[in-house]
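Novice: have a look; sequence and predicted model below, questions after that.
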Amino acid sequence: MESKKTVSFSRNAGNIFFHILTRCNLRCRHCYINPGQHGENTLPIGTIETWLAAFAGKSRVANVIFLGGEPTLHPELSHAIKAARRLGYESVTVDTNGYLFHDILSKVSPDEVDYFSFSLDGATRDINDSLRGEGCYDRCIAGIRKAADRGFGTSLIYTVSRANIHELEFMPSLLKELGIHRFFIQIIGIRGNSAAHAENLQVSREEWLCTIPRVAENAAALGITATYPKVFLNPDEAFECAGLAADNYFIFPNGRVYRCPLCEDFPLHSLRFEGNNLVQTEKINENDLFALSIPEGCVMNKLIQPGNLKPEMTYKIACCMLKEEISFRLPDTVASAIVLTGFI
Ligand code: SF4
Ligand code: SF4
């Protein structure tokens with residue numbers, strides 16, 4: 001699995017987060033999908049191919065992540081995956097809740113999909129299902145096993161909140177047992193459903209720093225590459241906005257294309273598809289705000305999510321796409337941790 005790729009950290013790589021529909025079989029408590037802002041349509045395969053082509057050449061290296069809603073509900077997801085390969089995308093990832101509709105594992109091969117990335121938000125059935133719905137834990141675990149049995153690369157996304165941070169430390173051993181290759185820890189975004197109960201769900205800086213780097217190291221020690229957002233910057237650490245320094249695009253089925261995920265609940269997208277043409281959105285949009293320099297760090301966190309992460313004199317809020325990645329290598333007999341910092 002060493003040659004497999006997924007969302008890249010390099011500034012020279014573009015990442016296309018392509019929501020091909022917003023429909024989902026689940027109703028997770030913290031779902032960020034907002035059909036009023038993102039559309040309720042399912043994109044026809046011809047449109048998916050045209051929109052993929054529009055982004056294929058934008059960066060020297062382009063990665064695509066298919067999302068929804070639940071992307072496997074799209075009956076032509078396999079055609080979208082094959083189209084991405086034909087267009088030269090460096091890697092193809094499918095984010096899924098694990099239900100794997102339309103027998104997707106039989107329609108694509110491990111050469112075509114680098115990773116199926118499963119979402120689980122608890123190490124136990126009780127916690128996961130309290131957040132994602134009854135029966136989800138078992139279905140997700142079964143989906144992971146099935147994908148692994150068929151030789152697919154598998155990764156897992158765990159969205160940390162007050163409701164499940166206490167179970168994070170049990171994840172590395174579960175991941176190892178399931179044969180997961182990569183572990184993505186996310187901080188809950190106060191968007192979509194979460195915006196209604198932000199105060200209850202967001203973790204503090206102390207909780208984050210006490211738990212997340214330690215668990216990521218534990219996963220890495222088991223041979224699983226672990227990635228988590230930096231979230232908080234010390235005063236001596238440089239702040240950068242991925243909207244200016246990286247090439248990430250978040251595409252929704254109503255044609256909106258964002259550069260910053262924090263903007264997704266608002267009509268602040270910098271690009272949009274009009275039919276098959278990608279056009280710039282009129283001012284004022286997210287692009288006009290990225291360059292605003294404020295001492296608190298991320299401008300959108302302050303402007304449009306003031307109740308979310310609170311900056312203080314002693315730290316700034318990092319770009320939500322600034323990640324740390326930890327993996328272990330065994331050069332001789334001594335294991336050494338390799339820590340990378342970069343944008344996705
Ligand atoms: S978080 Fe994902 S799986 Fe859950 S309801 Fe939203 S789109 Fe569906
Ligand atoms: S999260 Fe903040 S820093 Fe990152 S792209 Fe958006 S505005 Fe820029």
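Specialist: Nice, thanks for sending it over. Ligands and ions are numbered 1, 2, ... in the order given.
Novice: may I ask you to name the longest helix in the chain?
Specialist: helix 205-221 (DSSP state H).
Novice: and it, average pLDDT?
Specialist: Taken as a whole, helix 205-221 has an average pLDDT of 96.
Novice: helices and strands around that helix, which ones?
Specialist: In this structure, helix 205-221 packs against strand 154-160, helix 171-178, strand 182-187, strand 225-229, strand 232-233, strand 322-329, with contacts taken as 3 or more Cβ pairs under 8 Å, 6 or more residues apart in numbering; DSSP states H and E. Every C-beta, even on glycine, is put in place using the N, C-alpha and C of the backbone.
Novice: out of these, which gets nearest to ligand 1?
Specialist: Comparison of those against ligand 1 by Cβ to the nearest ligand atom identifies strand 154-160 as nearest, at 8.2 Å.
Novice: partners of that closest one, with directions?
Specialist: Strand 154-160 sits in its sheet next to strand 115-119 (parallel), strand 182-187 (parallel), going by DSSP bridges.
Novice: ok, residues contacting the shortest one?
Specialist: To tie it back to what came earlier, the one meant is strand 115-119. Strand 115-119 has contacts (Cβ atoms under 8 Å, 6 or more residues apart in numbering) with 4, 6, 65, 91, 93-98, 100, 105, 132, 140, 143-144, 147, 152-159, 181-182, 184.
Novice: near ligand 1 too, which of the residues you listed?
Specialist: By Cβ under 6 Å from any ligand atom, the members of the contacts of strand 115-119 lying near ligand 1 are residue 97.
Novice: PyMOL command for the buried members of the contacts of strand 115-119?
Specialist: Listed next is the PyMOL selection for buried residues among the contacts of strand 115-119, using 16 or more other Cβ atoms under 10 Å:
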select buried, resi 4+6+65+91+93+94+95+96+97+98+100+105+132+140+143+144+147+152+153+154+155+156+157+158+159+181+182+184
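Novice: tell me which of the strands paired with strand 154-160 sits most buried.
Specialist: Across those, the average number of neighbours (mean count of other Cβ atoms under 10 Å) peaks for strand 115-119, which reaches a mean of 24.
Novice: JSON lines please, covering the strands paired with strand 154-160 and showing mean pLDDT and distance to ligand 2.
Specialist: Formatted as JSON lines, the entries for those read as follows, by pLDDT from 0 to 100; distance: least, Cβ to the nearest ligand atom, whole Å:
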{"stretch": "strand 115-119", "mean pLDDT": "98", "distance to ligand 2": "21"}
{"stretch": "strand 182-187", "mean pLDDT": "96", "distance to ligand 2": "12"}
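Novice: of those strands, which is nearest residue 240?
Specialist: Taking Cβ to Cβ as the criterion, residue 240 comes closest to strand 182-187 out of the strands paired with strand 154-160, the separation being 18.1 Å.
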